[in-house]
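**Student:** The sequence isn't on hand, but the structure is:
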Ligand code: ADP
Ligand code: MG
């Protein structure tokens, strides 16, 4: 459903070339060393960066020339997903209407998304008055109201502790099933990939080294670069 064919990109000394097929409806994790191009890969899919050559195709549609807004994609970052001067409800509603002019049906949609992420009681608070985990819930709720079939997550829960991360992964996993989303998540936590992802890709030096069902990837004996990255985490 997400296909990159010969997608080339360059940042200074790093030449990237991505060829990848992400199955529709899957939850795919991307792991690999810092500076390897994981965030750039997501940006190329979302349309924040434009390939030097090659094709990004989503549901058989070539994304060339489409702005991030025109693509069937929502993206959540590690932080800075919320507007500090808007309250939590407005931060969700802005995903429906950038000018915050919502019909009553749309207002009900924002309410429902906040309820689903458990933030209805805090809806009048500003982002500075809630926890980091709650701010990421707001970002998830906004992604939900945008109703885009693809959700890209760039180390979204890196600042949260293990228990809270699992809770957030469960939340994303439930929405994926409910809304049949395709989820692509960059993570530095191998255990998060093992917990939540059907497939895991290992990315290093601007290349996808392997994309396999998660248990297979972590059990692989033919990927020395992956073994070096994981260290003795598997033992
Ligand atoms: P990762 O997310 O795997 O850590 P990135 O995709 O952020 O890797 O970065 C890949 C490479 O591109 C790194 O060497 C990084 O320094 C470089 N890079 C990332 N963003 C920019 C940018 N906006 N301008 C110049 N170089 C960048
Ligand atoms: Mg990154």
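**Tutor:** Received the coordinates, thanks. Since the structure is predicted, the reported quantities are computational estimates derived from the model, not experimental observations. Numbering: from 1, shown residues only. Ligands and ions are numbered 1, 2, ... in the order given.
**Student:** what are the ranges of the strands in this protein?
**Tutor:** Secondary structure of the chain by DSSP state E: the strands cover 2-11, 14-22, 27-31, 53-58, 61-62, 73-76, 150-154, 182-186, 199-204, 207-213.
**Student:** I'd like those strands as TSV, with mean neighbour count appended.
**Tutor:** Every residue, glycine included, has its C-beta placed from N, CA and C. What follows is the strands of the chain, written out as TSV (neighbours: other C-beta atoms under 10 Å):
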stretch	mean neighbour count
strand 2-11	17
strand 14-22	18
strand 27-31	25
strand 53-58	16
strand 61-62	12
strand 73-76	23
strand 150-154	24
strand 182-186	24
strand 199-204	23
strand 207-213	17
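**Student:** Look up how far ligand 1 lies from the most centrally placed residue in the chain.
**Tutor:** Most central residue of the chain, judged by C-alpha distance to the mean C-alpha position with C-alpha atoms, centre = their mean, is residue 153 at 1.6 Å. Look at residue 153 and ligand 1: by C-beta to the nearest ligand atom, to the nearest Å, they are 12 Å apart.
**Student:** That residue - nearest residue in space that isn't next to it in sequence?
**Tutor:** Leaving aside its sequence neighbours, residue 153 sits nearest to residue 185 (C-beta to C-beta, 6 or more residues apart in numbering; 4.1 Å).
**Student:** The one you found pairs with what?
**Tutor:** Beta bridges link residue 185 to residue 29, residue 153, judged by DSSP bridges.
**Student:** contacting residues for it?
**Tutor:** Going by C-beta atoms under 8 Å, 6 or more residues apart in numbering, residue 185 touches 27-30, 152-153, 156, 172, 192-193, 196-197.
**Student:** Would you mind checking which of these is nearest to ligand 2?
**Tutor:** Nearest to ligand 2 out of the contacts of residue 185 is residue 30 (C-beta to the ion; 9.5 Å).
**Student:** Can you name the residues of the protein sitting close to ligand 1?
**Tutor:** 11-12, 14, 34-40 (C-beta under 6 Å from any ligand atom).
**Student:** on that earlier part again, can you add mean pLDDT and give the strands of the chain back as CSV?
**Tutor:** Below are those laid out as CSV (pLDDT from 0 to 100):
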stretch, mean pLDDT
strand 2-11, 98
strand 14-22, 97
strand 27-31, 98
strand 53-58, 98
strand 61-62, 98
strand 73-76, 96
strand 150-154, 97
strand 182-186, 98
strand 199-204, 98
strand 207-213, 97
